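In: Okay, sequence plus prediction incoming.
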Amino acid sequence: MIVYTFKNFPYINELSNTKVVIFEKLNKDIEAFCQTIIKIKPNFILGIARSEEKYSIVEKYTINKFHGNKKVISNARDKYELFIPNEIRKYCIIREKATESFCNLSVFKIKNFLINNDLDIPFSFIHVTQNDIVKIMNILNK
C-alpha cells in the first residue's frame with residue numbers, strides 16, 4: 001500500500017507505520033507520485049486528509065471539476081468511481097457527491113493516470129478524524 005496526504009495533515013505521526021508521500025507542490029508532487037506508482041505497482045493506493053466533520057468520510061467518486069466550472073483535466077471523463085474497502089465502511093460515512101476541492105483534484109488526476117495507463121489498482125480517498133485514523137490504518141495495513 002502507498003499513502004499520500006498533504007503538508008497540512010495534522011495526524012502525520014499516526015501514519016508512522018506506513019509509507020507516506022506528502023504533497024507540498026500539488027501538481028508537481030502528483031506527477032512524481034504517479035511515477036512512483038509505475039515503479040512500485042502497489043496493491044492499494046490511499047489518499048488521506050483531515051475530516052472537517054465529526055466523522056470520517058470515504059469518497060465514492062471523483063469528478064473533473066475544481067472550484068466551480070474549472071476542469072481538472074480537459075478532454076477527460078467527467079467522473080470516476082473509487083474503491084471503498086469493506087473493512088472501513090463501519091468507520092466512515094460514504095460521500096456520494098464529490099467535492100471540488102484540492103483533495104478531489106489530486107484524486108481525479110491520479111485516477112485518470114491509473115485509467116490511462118491500464119493500472120488496475122484499487123484507490124480510495126478518506127477524510128479521517130483523529131479518533132478513527134489509527135483504527136483505519138491498522139485495518140488497511142493488514
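Out: Yep, that arrived.
In: Is E14 in contact with I133, as I believe?
Out: Yes. E14 is in contact with I133 according to CB atoms under 8 Å; the separation is 4.7 Å. C-betas here are computed from N, CA, C, even on glycine.
In: ok, these two, which is more surrounded?
Out: For E14 versus I133, the count of surrounding residues by other CB atoms under 10 Å is larger for I133: 23 against 17.
In: which stretch of helix or strand covers the more buried one?
Out: helix 130-140 (DSSP states H and E).
In: With T62 instead?
Out: Counting by DSSP H and E, T62 is part of strand 61-63.
In: Toward the C-terminus from that strand, list the very next helix or strand.
Out: strand 79-81.
In: so for that following strand, what's the average pLDDT?
Out: Strand 79-81 shows a mean pLDDT of 97.
In: What backbone torsions are found at F113?
Out: When read as degrees, to the nearest 10, the backbone of F113 gives phi -60, psi -50.
In: next one: the one 3 residues further on
Out: When read as degrees, to the nearest 10, the backbone of N116 gives phi -70, psi -20.
In: Quick check: E53 vs I22, distance?
Out: 23 Å (CB to CB, to the nearest Å).
In: which stretches of this protein form strands?
Out: Counting by DSSP state E, the chain has these strands, from start to end: 2-6, 20-23, 45-50, 56-59, 61-63, 79-81, 92-95, 123-128.
In: so what does the fifth one touch, helix or strand wise?
Out: What it means is strand 61-63. Counting contacts by 3 or more CB pairs under 8 Å, 6 or more residues apart in numbering; DSSP states H and E, strand 61-63 packs against strand 79-81, helix 102-116.
In: Nearest residue to the middle of this protein?
Out: G47 (2.5 Å; CA atoms, centre = their mean).
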